[in-house]
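# The following comprises the amino acid sequence and a computationally predicted model.
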Amino acid sequence: MTQSNRQKGSFTHQQTRCAATLHKPQNVNASAYPTILIAHGWGATQLTLITNYIAAFNDAGFGVVTFDYPGWGDSEGLPRNVISPWRREKVVESALAYTKSLPEVDETNIILWGSSFGGGHVVKIAAEHPELRGAIAQVPMLDGLLAVKSVPLARKLRFGFDILLDLLNPFGTRYVPIISEAGGYSSMDRDGAWRVEEWTRANLTQLHDNRVAARSLATMAFYRPFKYLQSIQIPTLVIGATRDTVAPFDEDKVKRMSSETIEIRTIDANHFDPYLEPWFAGNIKLQLDFVNRVIAR
């Protein structure tokens, strides 16, 4: 992936400017090309952990659109670093409309891609947009309640204290770290979460704003997009990690609740492994095989 094939832009969501980028495939003669819209995860911004995905999709002839949610990364919006999954779903809708509006994009050949928390958003939106060519949900957060149950009691009590202080403070936002090393206090310290920070320092010029508003944690248990799996009518690839403790993947349950258009694959990995080698190579092969099957060329 090079700087030369990036076209920066923006779209407006509820009067807030959201930063977006079109990553153009090279050596493609068509005036408009199939495109993958990426909805990233919990505390990520446009490029976090996905530069290799962008490069792989570009090399295969696909455009890729990335964006920052309001209050995150290069987007406007206050307070900063607050997460509401239901509001984020609406932002993805705005990002989809923006993607369709780009003259370089073949709007009849768009695939929605999401990972982790963004994977949950993809499930909901895929169920509501039959015009999409397909969807990919990688290590998706399908059941927030299941994720909350896996958090140790002492950690949940501390989360509750910070959530309460954040909600009761009219003068500012109380933050907790997004990730930490194992045993540290953060929203994610399991499955080698700290590798995200290490990857960012090694691969991106922009430092990671490692904080999330404590009130965001209060939404997790109520976010359960697995309920929409049965309603999906477009080709959809769901990739779960068998050792995931951040977004636990119950393969049997997902199979029972999925429509016939959903293909379920698993990787022997934890939540953050599929972004990294040696797991990435097999993971991206699954995805490239899928997108090449469903895209009309």
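Yep, that arrived. Residues are numbered from 1 along each chain as shown.
# next SSE after the one helix or strand Glu107 maps to?
Taking DSSP states H and E as the definition, Glu107 sits inside strand 105-115. On the C-terminal side of strand 105-115, the closest following helix or strand by DSSP H and E is helix 117-128.
# Now the element after that following helix, going C-ward?
Once the chain leaves helix 117-128, the next helix or strand it forms, by DSSP H and E, is strand 134-138.
# Sheet partners, orientation included, of that next one?
According to DSSP bridges, strand 134-138 forms sheet pairs with strand 105-115 (parallel), strand 236-241 (parallel).
# one step back: distance between the strand holding Glu107 and the chain's centre?
Taking the mean C-alpha point of strand 105-115 and that of its whole chain, the gap between them comes to 14 Å (Cα atoms, centre = their mean, to the nearest Å).
# Please work out how many residues are found near Gly41.
The number of residues packed near Gly41 is 27, by other Cβ atoms under 10 Å. Where C-beta positions appear, they are placed from N, C-alpha and C, glycine not excepted.
# if we look at the sheet, which residues does the nearest residue to Arg211 once chain neighbours are set aside bridge to?
Spatial nearest neighbour of Arg211, excluding adjacent residues (Cβ to Cβ, 6 or more residues apart in numbering): Tyr175 at 4.0 Å. Tyr175 has the following beta-bridge partners by DSSP bridges: Ala213.
# So Tyr175 versus Val291, what's the distance?
Using Cβ to Cβ, to the nearest Å, we find Tyr175 at a distance of 37 Å from Val291.
# If you count surrounding residues, which of these two has more?
Val291 (23 against 20).
# That one contacts Phe57, correct?
Yes: assessed by Cβ atoms under 8 Å, Val291 is found in contact with Phe57 at 7.4 Å.
# between these two, what contacts are shared?
Ile36 (Cβ atoms under 8 Å, 6 or more residues apart in numbering).
# Isn't Ser186 up against Ala193?
Yes: with contact defined as Cβ under 8 Å, Ser186 reaches Ala193; the gap is 7.4 Å.
# who's more crowded, the two?
Between Ser186 and Ala193, counted using other Cβ under 10 Å, the more crowded position is Ala193 (23 against 20).
# How confident was the prediction at the more buried one?
We have a pLDDT of 96 for Ala193.
# what sits against it?
Applying Cβ under 8 Å, 6+ apart, we find Ala193 in contact with 179-180, 186, 246, 271-272.
# tell me the SS of it?
Put simply, Ala193 is coil when judged by DSSP: H, G, I helix; E, B strand; the rest coil.
# how far away is it from Ala32?
Taking Cβ to Cβ, one finds Ala193 at 38 Å from Ala32.
# again with Glu104
Glu104 is 6 Å from Ala32, where distance means Cβ to Cβ.
# same thing with Ser94?
For Ser94, the distance to Ala32 - Cβ to Cβ - is 21 Å.
# Between those two, which is the more surrounded one?
Ser94 (18 against 15).
# burial count for Glu93?
Glu93 has 16 nearby residues by other Cβ under 10 Å.
# could you list every residue that touches it?
Neighbouring residues of Glu93 by Cβ under 8 Å, 6+ apart: Ile125.
# Determine whether the claim that it is in a helix is correct.
Yes: assessed with three-state DSSP, Glu93 lies in a helix.
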